[in-house]
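>>> I need the structure of the sequence given here:
(one chain, ligands or ions: 1)
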Amino acid sequence: MTPVLATENLVAGYGEASVLAGISLTIEEGRTLALLGRNGTGKTTFVNTLAGVTTHHAGSIHLMGRDVTKLRPDRRAAAGIGWVPQERNIFKSLTVEENMTAIARPGVWTLERVYSMFPRLKERRKNLGNQLSGGEQQMLAVGRALMVNPKLLLLDEPTEGLAPIIVDELLAAIQRITQGEGMSAIIIEQKARKVLPLTDDAVILDRGAVVFQGTSAQLLADEAILGQHLGVEKGVRH
Ligand SMILES: Nc1ncnc2c1ncn2[C@@H]1O[C@H](COP(=O)(O)OP(=O)(O)OP(=O)(O)O)[C@@H](O)[C@H]1O
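Predicted coordinates:
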């Protein structure tokens, strides 16, 4: 089967500087990848490169077999990349509902379906973007990306800065969208032990290169690798 995503020897960065040192990885349809690594190892740069907002130096990106390496960001979104950037980028002067319908594309993800995933968004549908809590903004950012009906969802640290109870609510919704509904996704997350149980596969980056690639279950059981590359201590809930 054609993988939903395949990158080959991807080198990219900002201007002349390369951050990614040749990344090759594939994601099969319906699978979820946890993208891990310490600060500054290139996780955001990798996801931003898939979204098309960095400088491409070498290598290729195929989405469902189609070469999207040279496409502009808006064309990539149309090709099936749903991106939830670290900054969330929701429209603050539009309502929740307007945020979601502004860039919607036809497909299985409709307003009603997103509201059933995030009942809070339905309650808040007439509120403006700037009247939402951090957790609600993040739910809106995910809901808005789904409304584009992507083939692959990119989530860049979706739980960052959120209260623990909201983190659990959001991760449960992400699990319903990925494992429940079969959406393929890449999730960048600092808390390895929280994200590994929700994902199929895991990759660890260090200095822009892949230093671990395997299943999430394998990584979760490997205290040595968790400690070496992520600084996760035995028994500590990260
Ligand atoms: N806009 C930019 N211009 C130039 N260099 C950048 C830019 N954004 C990030 N970098 C550099 O690229 C490297 C990788 O950063 P990146 O944000 O991809 O790491 P990360 O693994 O996502 O880390 P974090 O968890 O801190 O977000 C860092 O050395 C960083 O300083």
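
>>> Could you use CA atoms for every contact and neighbour count after this?
Noted.

>>> got the contact list for stretch 80-89?
48, 50-51, 63, 77, 137-138, 141-142, 145-146, 148-158 (CA atoms under 8 Å, 6 or more residues apart in numbering).

>>> Which ones among these map onto helices?
Mapping these onto helices (DSSP state H) picks out 48, 50-51, 77, 137-138, 141-142, 145-146.

>>> now, which of the residues you listed sits nearest Ala6?
Among those, Leu50 lies closest to Ala6 (CA to CA), at 10.3 Å.

>>> now that closest one: how far from Ala102?
Computed as CA to CA, to the nearest Å, the Leu50 to Ala102 distance reads 22 Å.

>>> same question, Leu152
Separation of Leu152 from Ala102 (CA to CA): 20 Å.

>>> what about the two, which has more around it?
Leu152 (27 against 13; other CA atoms under 10 Å).

>>> For beta bridges, what are the partners of the more buried one?
As for beta bridges, Leu152 partners with Ile81, Ser184 under DSSP bridges.

>>> thought it was touching Ser184?
Yes. Using CA atoms under 8 Å, Leu152 is in contact with Ser184, at 5.0 Å.

>>> OK, contacts around the residue positioned nearest the centre of the chain?
Among the residues of the chain, the one closest to the centroid is Leu155, at 2.0 Å (CA atoms, centre = their mean). Counting by CA under 8 Å, 6+ apart, Leu155 touches 83-86, 142, 185-188.

>>> measure it to the ligand for me?
12 Å (CA to the nearest ligand atom, to the nearest Å).

>>> returning to that earlier point: just the ones in strands from the contacts of Leu155, please.
83-84, 185-188 (DSSP state E).

>>> What is the helix or strand where Asp74 lies packed up against?
Taking DSSP states H and E as the definition, Asp74 sits inside helix 73-79. Packing partners of helix 73-79 (3 or more CA pairs under 8 Å, 6 or more residues apart in numbering; DSSP states H and E): helix 43-51.

>>> hey, C-alpha coordinates of the helix it packs on in CSV?
C-alpha atoms of helix 43-51 as CSV (Å, rounded to 0.1, in the frame of the first residue of the first chain):
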residue,chain,number,x,y,z
LYS,A,43,11.0,18.4,15.5
THR,A,44,9.2,21.7,14.7
THR,A,45,11.5,22.2,11.7
PHE,A,46,10.6,18.8,10.4
VAL,A,47,6.8,19.4,10.7
ASN,A,48,7.2,22.9,9.3
THR,A,49,9.1,21.5,6.4
LEU,A,50,6.2,19.1,5.7
ALA,A,51,3.8,22.2,5.9
